[in-house]
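Asker: Predicted coordinates and the sequence they were generated for:
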Amino acid sequence: MPPWALFWLVTSLIVVPRGVPEWRAALFDLIGVTPVTVDAGSGSGVLRLLDVVTLVQPALLTVAVAAVLAAPVRGRIVRHTFRLKAAAQPSLVQIVAFVHVIAPEVAVYGNTCRTDFRAFVYPAGYRRTALAVSGDLVLLWHRDRAAAEAVIRHELSHRGRADTLLLGVVSPLEAVLRRWGWILIAFVIVPVLVAWVAETTDFFRQVGAAGAAHKASQFLTLILPGLLWLLLAATARVLGAITLPVAASWSAEFAADQEAANRAGAAALTRGLATPRRRGRLRWLFGFITHPPVALRRALARAGTVPQALAAVSVYPVAWLVQLLWVMAEAAAMDAGRQAGLAEIVRDERAGVAFWAQDGWAVWVAALAVTLAWPAVTRSWRSAVSTGSTAHRAVSDTATSKEQ
Amino acid sequence: MSEEIEAWAVRLAEAVTPDEAVLAPDFAAAFVAGGADRADLFRTSGAVPGAFDTGGVLAVFPFVLSAAMAAAPAIEAFFSSGVTSVPGMVKDVIGLWDRYRHREVTQAKEIPLGSEPPYQALDRMFDVIEAELGRAGMEPDQRDLLTYRIVRHLLDDLNGTREFIDAAAKAPGR
């Protein structure tokens, strides 16, 4: 499966120069380099904070690049954050022995007191991988050994595609989305309201209390709807920015599921996925940033490895269409915010779609070429990004055939 | 953590959440250690990119320990209320459990709450433990069953219970 996270990162970096003028203008405006226009009113300075929303996209890209470049540091942070230790607990020692049959070079660390995840791989260097194991996996190991082995095989399959290195790009997206409500309040709602209050105060000084009705009407018919459209546009812009990396993460999960189902069996993988949920709705929603819905993964596992492979290949291209919807939503919200008519909105949407197609075709051709060429370069890619993963595949294949 | 607490935790887990008995010593040690170790037991982090995350799975036994700890004042009150025969009282737990489950019907007829301090303390123990399990998000049916098993085991294994509560009380909270 092509490493779509890398594809997204590379194609995003290629088009960075096109976004630079807008981002530079927003940054200069935010830090006060650009002077405030003379007739902007006493509260207009605070509106500079709106630029933060524009800068979220380049900030995400910068952090994503940093997350990949600083993979070894990220590994140490993960180990510290999750308080992972070398295996001492007897069941954990058994798990380590199983992992080392498949992948002797993978270091295994655990925290048996955490049960809010099962296992994950993280970078122990640019080409080295470590596996983190939780108490929940230990419990599964005792309840259902085959399901636990499917989970481990799923995790280990990530390392052969460099997911360990690349999926760090998704972490910042989740962090931003979790705080998106607060970001909107701090950098959109508060500045707009403060600027309006300041401007209203100036107005009252000039015309007195007689202007109160006019200002109240202005707030209800202009400021409030404008603010709502601005919030929608900003949200659509951020969702459009994260759609492709999220799809890349989903593709990696589908591919890992396929490999686990191939080696451990679809039934074992399905059981490994079948666990109770005990989290709030928002947490459940944020979970989709890094993982496809469990119900979908289980359905694909039951359907067979071909549908799993198709899902892994197609989820990223399909995400372009989803991204188009966000782009259209942002454009419509911006138009509505400046009280454009329906005809004008439709005209702008048509132009937007045409621009999207014109802008995207080169990337789509590149994606198609990568997809077609990928089977030929998979082996080289695996040996390039992971120490010993090709040899481990052979060991794993042997182990699987012996099991069968 | 003492070997007695470890053995008590294993017995409690075998009685209440047998599936999790294998990790009972680890969970009990982390709970008694307090601070970040105890906090780990109750974490509900977001998904980890690339992780085999299946939706915020949590073990039940940490909440059992938490419930036992929360019931500590009720347990103390129970034993300072003039109970002379713990084995006899353990048998009575079954009767009390029936009364607790159908309290609207039986409260007035059989054993009036408040008239007998030991039962009052036991009743409070049920309430505290059930509330603690409720905070963990358990379904009422599961909560009811676990509450009964926990109360029965805490009283049945009194020395271990007291040692666990004393040790956990000294640690920084979660």
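Answerer: In hand now; what should we look at? Numbers count the residues shown, from 1 in each chain, chains lettered A, B, ... in the order given.
Asker: Which secondary structure state does the nearest residue to B:Arg43 once chain neighbours are set aside sit in?
Answerer: Spatially, and ignoring its direct neighbours in sequence, B:Arg43 is nearest to A:Asp116 (4.9 Å; C-beta to C-beta, 6 or more residues apart in numbering or on different chains). Every residue, glycine included, has its C-beta placed from N, CA and C. Going by DSSP: H, G, I helix; E, B strand; the rest coil, the secondary structure assigned to A:Asp116 is coil.
Asker: Likewise for the one 4 residues further on?
Answerer: Taking three-state DSSP as the rule, one finds A:Phe120 in the strand state.
Asker: Quick check: it touching A:Ile152?
Answerer: No - in this structure, A:Phe120 is not within contact of A:Ile152 by C-beta atoms under 8 Å, at 11.0 Å.
Asker: Isn't the residue nearest to B:Arg43 up against B:Pro62?
Answerer: No - shown here, A:Asp116 and B:Pro62 do not form a contact pair, counting by C-beta under 8 Å, at 10.9 Å.
Asker: State which helix of chain A is the longest.
Answerer: helix A:342-385 (DSSP state H).
Asker: burial of residue 166, as a residue count?
Answerer: Looking at chain A here, since you left the chain open. 29 (other C-beta atoms under 10 Å in any protein chain shown).
Asker: Please refer instead to chain B.
Answerer: Around B:Asp166 there are 12 residues (other C-beta under 10 Å).
Asker: Contacts for stretch A:300-313, please.
Answerer: A:1-2, A:251-252, A:254-255, A:257-258, A:261-262, A:266, A:269-270, A:273, A:292, A:371 (C-beta atoms under 8 Å, 6 or more residues apart in numbering or on different chains).
Asker: Sort out which of these are in helices and list them.
Answerer: Mapping these onto helices (DSSP H) picks out A:251-252, A:254-255, A:257-258, A:261-262, A:266, A:269-270, A:273, A:371.
Asker: Spatially, which two of these are the most separated?
Answerer: By the measure C-beta to C-beta, A:Thr270 and A:Thr371 form the most distant pair in the ones in helices among the contacts of stretch A:300-313, at 27.4 Å.
Asker: These two: which has the busier surroundings?
Answerer: A:Thr270 (20 against 17).
Asker: Distance-wise, check A:Val318 relative to A:Gly352.
Answerer: 19 Å (C-beta to C-beta, to the nearest Å).
Asker: Give the residues shared as contacts by A:Phe120 and A:Ile152.
Answerer: With C-beta under 8 Å, 6+ apart as the test, A:Phe120 and A:Ile152 both reach A:Leu131.
Asker: And the two? Which one has more around it.
Answerer: Taking neighbours as other C-beta under 10 Å, A:Phe120 and A:Ile152 compare with A:Ile152 leading, 29 against 24.
Asker: and the more buried one, what helix or strand is that in?
Answerer: helix A:145-159 (DSSP states H and E).
Asker: for the next helix or strand after that helix, packing partners?
Answerer: Using DSSP H and E, the next helix or strand after helix A:145-159 towards the C-terminus is helix A:163-166. Other elements packing on helix A:163-166 under the criterion 3 or more C-beta pairs under 8 Å, 6 or more residues apart in numbering or on different chains; DSSP states H and E are helix A:4-14, strand A:119-123, helix A:224-264.
Asker: Next, see if the last one gets close to chain B.
Answerer: What it means is helix A:224-264. Yes - using C-beta under 8 Å from any C-beta of the partner chain, helix A:224-264 reaches chain B at A:Ser249, A:Ala252, A:Glu253.
Asker: Compute the inter-axis angle for that helix and strand A:119-123.
Answerer: Helix A:224-264 runs at 100 degrees relative to strand A:119-123, counting by axes from the mean of the first three to the mean of the last three C-alpha atoms, to 10 degrees.
Asker: now helix A:224-264, how far from the chain's geometric center?
Answerer: The chain centroid and the centroid of helix A:224-264 are separated by 6 Å, computed with C-alpha atoms, centre = their mean, to the nearest Å.
Asker: for the record, mean pLDDT for stretch B:58-72?
Answerer: The pLDDT scores in stretch B:58-72 average 89.
Asker: got a list of contacts for it?
Answerer: Here stretch B:58-72 has contacts from A:115-116, A:135-136, A:139, A:278, B:9, B:12-13, B:16-17, B:20, B:23-24, B:27-28, B:30-31, B:41-42, B:44, B:125, B:128-129, B:131-133, B:136, B:138, B:146-147, B:150-151, B:154, B:161, B:164-165, B:168-169, B:174, using C-beta under 8 Å, 6+ apart.
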